[in-house]
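Asks: Prediction below, plus the sequence it came from.
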Amino acid sequence: MEVRRTVPVKLDVSDSDANLLSETIDEFLWAANYVVGVASNGDWVETRASKLQSLTYDDVRDATRLHSNHVQSARNQAVKALKSVIATWKRGEKASLPTFTSRFCEYNHRNVTFYDDYATLSTVEGRVTVNYVLPDETRHTPHAEYLHSDEWEKTGATLHHRNGSFYLHIRTKADVDTPDLPENGTVLGVDLGVKNIAVTSTGTFWTANEFNHWRREYEKRRGSLQQCGTRWAHENVQSVGQSETGRFEQYLHRVANELVTEAIDYGCSYIAFENLTHIRENIPEATWQHVWAFRRLYGYVEYKAAKHGITTTQVNPRNTSRRCSSCGFTHEDNLGNDTMCCQKCGYRNHRDYNAAKNIGLKLLRNQTGAEGGAPVGVRLNSGMLNANGLTSVPGLGRAGVHAESPRL
Ligand SMILES: [Zn+2]
């Protein structure tokens, strides 16, 4: 199975190269807009790429200094945008013809060459070298790994120009083996928290003790060093920060590896997390270090899972702690300190474990009516939970509720 990822990288560019890139973008956008103008001359809109190629290629080559591949990419962008407008018209909705204003330019393997820390890009006047801005802090992030791994082939990129800076959105792909991937997706739900950093719908808990211990040590050492107030102390604060960050990261890598192994062992093709954008609203006790850890963990899991053909995704966490994963009854009173106790059906279990199952179920509900390959069940440690609240046991078809006690 082929998996694709896009990696955004900020670029470090000299002033003269920045001018060339900017002029390239200007001419690329001009070319795309020119093709739209030719395509929509009169009542008829032409969307055939070959026809538009012969109608516009020579004109664009004459009018611009663009590389021939840029001429073709600009035309492809125009065709794509025109087709989307026509699709809108066919649905009986209004839409105006496309105009390209957002500053970007497409690159494929013929006009970009990727190296470990830089790339060379065709411009309107030869090639320029652009250096990747990868601060040490992000060296070991999944993003950097996509760039530096031989398993991920770089297939092309989009150059963006925003607020005076250039960014390269590098497209990568990898072929992954998926021998045991179930025909219909099974979901592993994951709940994040400050007592247990992660709990899965299969009932596996990763406590946050180790993480919280390091976090407190870090704050303590930083506090006492900061009181000294000297330059020496300041430098030490920074080095404490770096070594502790390294240890946090190692710990998160381990949790991520174990989470992905859990998904593989249970034949899951999806891993569902709660949405991380507003995580503090959902977990008010979380410190900035927790939020940092959750995002890192998600990134590591996404990267590692992709290699096994497992899709990692986020769902809206609304009501996932208040809802009973057994009968669906949702109420504030269901929630105890560590336990969730359903006021309607009497179901009791660990609140994080209950939430992990609900997070998995959210993904099923989101996908209802989707085409083939949509997730069908949330994996429990034995058995399966589907959107109707029924559980099934692998090989036995749908049956009653199984394996409700978490594996601690
Ligand atoms: Zn209930």
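Replies: Thanks, I have the structure now.

Asks: what sits against the closest residue in space to residue 359 that isn't next to it in sequence?
Replies: Closest residue in space to residue 359, ignoring its immediate chain neighbours: residue 189 at 4.1 Å, by C-beta to C-beta, 6 or more residues apart in numbering. Every C-beta, even on glycine, is put in place using the N, C-alpha and C of the backbone. Residue 189 is in contact with 200-201, 272, 356-361, 363, 378, counting by C-beta atoms under 8 Å, 6 or more residues apart in numbering.

Asks: Direction included, what does the helix or strand where residue 198 lies pair up with?
Replies: Assigned by DSSP states H and E, residue 198 belongs to strand 196-200. When pairing is defined by DSSP bridges, strand 196-200 lines up against strand 185-192 (antiparallel), strand 205-207 (antiparallel).

Asks: ranges for the helices of the protein?
Replies: Along the chain, counting by DSSP state H, helices occupy 15-39, 49-63, 68-90, 142-148, 209-228, 231-265, 279-282, 288-306, 351-366.

Asks: Quick one: check the last one for contact with the ion.
Replies: The reference is to helix 351-366. No. Using C-beta under 5 Å from the ion, helix 351-366 stays clear of the ion, with a minimum separation of 9.6 Å.

Asks: By pLDDT, rank the contacts of residue 189 and give me the bottom one.
Replies: Scanning those for pLDDT, the low point is residue 378. It has 77.

Asks: And the residue of the stretch 101-250 of the chain that's closest to the ion?
Replies: Minimum separation of the stretch 101-250 of the chain from the ion (C-beta to the ion) falls at residue 201, amounting to 16.3 Å.

Asks: Go ahead and confirm that residue touches residue 383.
Replies: No. The criterion here is C-beta atoms under 8 Å, and residue 201 misses it with residue 383 at 10.6 Å.

Asks: Show me which of the two is the more surrounded one.
Replies: The neighbour comparison of residue 201 against residue 383 (other C-beta atoms under 10 Å) goes to residue 201, with 33 against 22.

Asks: in the chain, which segments are predicted with low confidence?
Replies: When residues are selected by pLDDT under 70, those of the chain lie in 1, 135-144, 176-184, 222, 224-244, 365-376, 382, 387-408.

Asks: and the helices of the chain, which is most packed in?
Replies: Comparing the helices of the chain by mean neighbour count (mean count of other C-beta atoms under 10 Å), helix 351-366 comes out on top with a mean of 26.

Asks: Quick check on the nearest residue to residue 29 once chain neighbours are set aside: phi, psi?
Replies: Spatial nearest neighbour of residue 29, excluding adjacent residues (C-beta to C-beta, 6+ apart): residue 100 at 4.7 Å. Main-chain torsions, residue 100, degrees, to the nearest 10: phi -90, psi 110.

Asks: so how far is residue 108 from residue 100?
Replies: Residue 100 sits 18 Å away from residue 108 when distances are taken as C-beta to C-beta, to the nearest Å.

Asks: Tell me which of the two has more neighbours.
Replies: residue 100 (19 against 15).

Asks: ok, the more buried one - contacts?
Replies: 29, 32-33, 36, 77-78, 81.

Asks: I'd like those laid out as CSV, including distance to the ion.
Replies: Below are the contacts of residue 100 laid out as CSV (distance: C-beta to the ion, whole Å):
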residue, distance to the ion
29, 57
32, 56
33, 58
36, 57
77, 52
78, 55
81, 50
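
Asks: what sits against the nearest residue to residue 208 once chain neighbours are set aside?
Replies: Leaving aside its sequence neighbours, residue 208 sits nearest to residue 197 (C-beta to C-beta, 6+ apart; 4.2 Å). Going by C-beta under 8 Å, 6+ apart, residue 197 touches 206-208, 211, 255, 293-294, 297.

Asks: Then residue 10?
Replies: 132-133, 165-167.

Asks: so which two of these are the farthest from each other?
Replies: 132 and 165 (12.8 Å; C-beta to C-beta).

Asks: Looking at these two, which has the bigger crowd around it?
Replies: Higher neighbour count among residue 132 and residue 165: residue 132, with 19 against 13, using other C-beta under 10 Å.

Asks: Bridge partners for that one, pull those for me.
Replies: Applying DSSP bridges, one finds that residue 132 bridges with residue 11.

Asks: any idea how far it lies from residue 115?
Replies: Relative to residue 115, and taking C-beta to C-beta, residue 132 is found at 9 Å.
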